[in-house]
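Novice: Sharing a model that was predicted from the sequence below.
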Amino acid sequence: MRDILDEFIDNAKQTIKEGYYDAVTTKANFTQISLRQKLTTLPFTLIAEIKHASPAGEYQYKNIDAEKTALIFRESGADAISVVAEPKLFKGRVENIAQAKKAGLPVLFKDFIFTEEQIMAARLSGADAILLVVKVAERTHSDLDFLIDCAHRKGLEVLLESYDEKEFERALDSDADILGINNRNLMTLKVDITRTAMVMTALKNRIDRPVISESGIKTAQDVTFVRRSGVNGILVGTAIWKASNLQEKIAELKRG
């Protein structure tokens, strides 16, 4: 039975066929900055996300100045920036990566990645790390270890996202630099931030690298909750973009 993730992947395949990633041909001239190092040296890391639209239809912005926004994120206390590059559903743009890099923070290239050409586009655009998703690799019958190795050979770090204990175990067995727990079920888009605590509790004795919690984190109280589970950081997009004041929302999340 098909679900929402199948629709995401179908769109991604069409985007690849249309040559979206092939259009990135010139390497952006930026120094690589380690996202993993941020996560291992700071007490707690906030990755703020530039995302034009929410997958659940919660908001949509036609125009976002990525360079200006990244600077606001940095000045408000964000430690790193995630940029959604997917153009159809999330209305992202690959060129926003280079714009966000001007803030001088690590930049994560976020998309439904399962091909080498997408990874090359991330590298050329100036990204420091890419997002890979265990479930996306499974659905597309992609070799996850090959994709991780491909990213590493191109000088990119890998944030590998999982949803449940089984996927997290698969991630632990990989060479990914950072592990992510997505509180959003990609098949239904339902969110439950207690998922982070459940996965961390189940596998806490095996965790050997930084872990971040993603999706559904809206308040300082939410930050405190997931932080107590043992994660090293959070990735927040929708809560920031739905807030009446981006700076105040980031400051609130940092207080958590």
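Specialist: Right, received. Where do you want to start? Numbering: from 1, shown residues only.

Novice: how far away is Leu253 from Lys218?
Specialist: Distance, Leu253 to Lys218, by CB to CB, to the nearest Å: 9 Å. For the C-beta atoms, the positions are set from N, CA and C on the backbone; glycine is no exception.

Novice: right, I mislabeled it, should have said Ile64
Specialist: Distance from Ile64 to Lys218, by CB to CB: 20 Å.

Novice: Between Leu253 and Lys218, which has more neighbouring residues?
Specialist: Leu253 (24 against 18; other CB atoms under 10 Å).

Novice: which residues does Met200 contact?
Specialist: Ile181, Ile207, Val211, Ser229, Gly230, Val231 (CB atoms under 8 Å, 6 or more residues apart in numbering).

Novice: Kindly recompute the last result at 6 Å.
Specialist: Applying CB atoms under 6 Å, 6 or more residues apart in numbering to Met200 gives the contacts Ser229, Gly230.

Novice: Check which helix or strand it maps to.
Specialist: Assigned by DSSP states H and E, Met200 falls within helix 194-203.

Novice: And the helix or strand following that helix, what's buried?
Specialist: Where DSSP H and E defines the elements, the next helix or strand beyond helix 194-203 is strand 211-214. For strand 211-214, the neighbour count (16 or more other CB atoms under 10 Å) marks Val211, Ile212, Ser213, Glu214 as buried.

Novice: again, but for stretch 16-30
Specialist: By neighbour count on 16+ other CB under 10 Å, the buried set for stretch 16-30 is Ile16, Tyr20, Tyr21, Val24, Phe30.

Novice: can you check stretch 52-71 too?
Specialist: Result for stretch 52-71 [16+ other CB under 10 Å]: buried residues His52, Ala53, Ser54, Pro55, Ile64, Ala66, Thr69, Ala70, Leu71.

Novice: what's the most distant pair in these?
Specialist: Greatest spatial distance in the buried residues of stretch 52-71: Pro55 and Leu71, 25.9 Å, computed using CB to CB.

Novice: Output stretch 39-49 as CSV, restricted to C-alpha atoms.
Specialist: Included here for stretch 39-49 are C-alpha records, laid out as CSV according to Å, rounded to 0.1, in the frame of the first residue of the first chain:
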residue,chain,number,x,y,z
LEU,A,39,27.9,18.6,18.2
THR,A,40,30.8,17.1,20.2
THR,A,41,32.3,20.4,21.5
LEU,A,42,29.2,22.5,22.4
PRO,A,43,27.1,21.7,25.4
PHE,A,44,24.0,21.5,23.1
THR,A,45,23.6,22.3,19.4
LEU,A,46,20.7,24.0,17.7
ILE,A,47,20.5,23.5,13.9
ALA,A,48,18.0,26.0,12.5
GLU,A,49,16.4,25.1,9.2
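
Novice: Go ahead and name everything in contact with that stretch.
Specialist: With CB under 6 Å, 6+ apart, stretch 39-49 has contacts from 38, 73, 78-82, 210, 232-233, 235, 237, 240, 253-254.

Novice: Return the members of these classed as buried.
Specialist: Taking 16+ other CB under 10 Å as the criterion, what is buried in these is 38, 73, 78-82, 210, 232-233, 235, 237, 240, 253.

Novice: Least confident of those residues?
Specialist: The member of these with the lowest pLDDT is Gly237, at 91.

Novice: That one is in contact with Ala53, isn't it?
Specialist: No - checked against CB atoms under 6 Å, the pair Gly237 and Ala53 is beyond contact range at 10.1 Å.

Novice: Appreciated, that's everything.
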